[in-house]
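**Student:** Provided below are the primary sequence and the corresponding predicted coordinates.
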Amino acid sequence: MMDLLLLEKTLLGLFAAIVIAAVVSKLRGKKFKLPPGPIPVPIFGNWLQVGDDLNHRNLTEYAKKFGDILMLRMGQRNLVVVSSPELAKEVLHTQGVEFGSRTRNVVFDIFTGKGQDMVFTVYGEHWRKMRRIMTVPFFTNKVVQQNRHGWEAEAAAVVDDVRKNPAAATEGIVLRRRLQLMMYNNMYRIMFDRRFESEEDPLFLKLKALNGERSRLAQSFEYNYGDFIPVLRPFLRGYLKICREVKEKRIKLFKDYFVDERKKLTSTKGTDSEGLKCAIDHILEAQQKGEINEDNVLYIVENINVAAIETTLWSIEWGIAELINHPEIQKKLRDEIDTLVGPGVQITEPDTYRLPYLQAVVKETLRLRMAIPLLVPHMNLHDAKLAGYDIPAESKILVNAWFLANDEAHWKKPEEFRPERFLEEESNVEANGNDFRYLPFGVGRRSCPGIILALPILGITLGRLVQNFEMLPPPGESKIDTTGKAGQFSLQILKHSTIVLKPRSF
């Protein structure tokens, strides 16, 4: 009976929405000069034509058909896709204020407390405050210098563990599992002055499982229909219930085992502004001053768990895969390290800047296998203009950064993994957004501040692995699978492959 009532209400809602959509469409048609795109139909817009899977490759195909700026009407949402360096500059830099807000969706509203974090909050005073509070403990050169020895120690621990594992040199191991522990330790050292001893640590296992489930639920395209067409949201009740349960468990875990534990430690030991040991001390100090509340503190921890740990891990995994599949590049990199640092002399963070080929390998990994290929979506709070077109208020703006960095009109043989391009024809291009064809971390007000941590961690990790091991596919295989898996904002490797790591002797 309840199902019949729900169906009846849904059908009535659909009818009402069709009428409203038709009226609004006529009114808007007179008012706005909209970007080109496929012809929408009432209520569904382009959803029936486009589907839920709005990944970077699918959007690239639409850009090739409709141009550098296009609009998709996804139910009640306007989705504007930008696919040229010039328009990327307009959105991210020239009109950075106008397009500086964030659009969220029904799932991200749950995981961020409707924008109580930094990444998904709207552009305004709260964002400025959160960005300022997070910069000092996380995103400065001082933080890099304070933590680089820890990153080097964690990379050394990975090398030691692999050397001790006889399977690594014969049938191979899934190295990602050990690298995941390394990345958690890298960030939890910064955040809480804490680390996990092993992959079997019960707290690490619980944390990893909850973060993994959060990532799966948030990155899926499965729930798009309910986000685009609100009248269909009743069908998402089960999905959203799971999201809320995962969110509550994660926030409780962060609070009980990390934030509150740190509060207890500092209350017994005492600390002052000069002796703050880790990032959470700075964040809690801001809370004590009344600048932010406890929820904001916990959502900052939420952001770092996903944005800093997972994205860097994906990039490390992509870099290893490409080096295995291009043994000549791996050898060239190893030779550079042996020559400039010395055989067996373990590279450190300062060394990474005097190893141009290592820098080129990192850049090329971020170009071809961009972890956030569409960047984090932008939004204009008010009606705006872009490339002579009207952009209605609260449109979701996607910059297809992957296409910008893989467009054959702007890059020589972009489908090839060729680090040499960053030493030759693209030698002036950096990852910090100095060239709008290459924006792995975005640029402008809403760029990813984590670039200052990600680049040295990538350099240290890939460098240590290459100088200590010959990395190979598993026995009987010539390459490892580099099929990608795209999510709402992500590009990760689909299969966590077994790889062989033969120790080098010095």
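**Tutor:** Arrived safely.

**Student:** Check which residues of stretch 494-506 are buried.
**Tutor:** 496-501 (16 or more other CB atoms under 10 Å). The C-beta positions use only the backbone N, C-alpha and C, and glycine is treated the same way.

**Student:** For Thr461, state which of these is nearest.
**Tutor:** Set against Thr461, the nearest of these by CB to CB is Leu501 (13.3 Å).

**Student:** what helix or strand does the closest one sit in?
**Tutor:** Here Leu501 sits within strand 500-503, counting by DSSP states H and E.

**Student:** average pLDDT for that strand?
**Tutor:** Averaged over strand 500-503, pLDDT sits at 98.

**Student:** Lys332 contacts Tyr357, correct?
**Tutor:** Yes: counting by CB atoms under 8 Å, Lys332 touches Tyr357, with 6.2 Å between them.

**Student:** ok, now how distant is Pro419 from Leu472?
**Tutor:** Distance, Pro419 to Leu472, by CB to CB, to the nearest Å: 19 Å.

**Student:** between those two, who's got more neighbours?
**Tutor:** Pro419 (24 against 18; other CB atoms under 10 Å).

**Student:** Tell me, please, where in this structure the pLDDT is lower than the cut-off.
**Tutor:** Scanning the chain for pLDDT under 70 picks out 1-30, 270-276.

**Student:** That one: strands as residue ranges?
**Tutor:** 69-74, 77-82, 378-379, 384-386, 389-391, 396-399, 469-472, 484-486, 491-493, 500-503 (DSSP state E).

**Student:** Helices along the stretch 101-250 of the chain, start to end?
**Tutor:** Assigned by DSSP state H, counting those that start in this stretch, the stretch 101-250 of the chain shows helices spanning 106-111, 125-138, 141-164, 175-192, 202-219, 224-228, 237-254.

**Student:** Those helices into TSV, with extra columns for distance to Leu404 and mean neighbour count?
**Tutor:** Shown next, in TSV, are the helices of the stretch 101-250 of the chain (distance: least, CB to CB, whole Å; neighbours: other CB atoms under 10 Å):
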stretch	distance to Leu404	mean neighbour count
helix 106-111	24	21
helix 125-138	25	17
helix 141-164	27	16
helix 175-192	27	21
helix 202-219	21	16
helix 224-228	24	21
helix 237-254	32	16
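
**Student:** residues contacting the residue nearest to Leu404 when sequence neighbours are not counted?
**Tutor:** With CB to CB, 6 or more residues apart in numbering as the criterion, Leu404 has its nearest non-adjacent residue at 5.2 Å, and that residue is Arg437. By CB atoms under 8 Å, 6 or more residues apart in numbering, the residues touching Arg437 are 85, 404-405, 407, 410-411, 429.

**Student:** One more pass at 7 Å, please.
**Tutor:** If a contact means CB atoms under 7 Å, 6 or more residues apart in numbering, then Arg437 has 85, 404-405, 410 as its contacts.

**Student:** on that earlier part again, who's more crowded, Lys332 and Tyr357?
**Tutor:** In this view Lys332 and Tyr357 are compared by other CB under 10 Å, and Tyr357 has more residues nearby, 19 against 16.

**Student:** Just checking the distance from stretch 59-76 to the centre of its chain.
**Tutor:** Relative to the centre of its chain, stretch 59-76 is centred 22 Å away, using CA atoms, centre = their mean, to the nearest Å.
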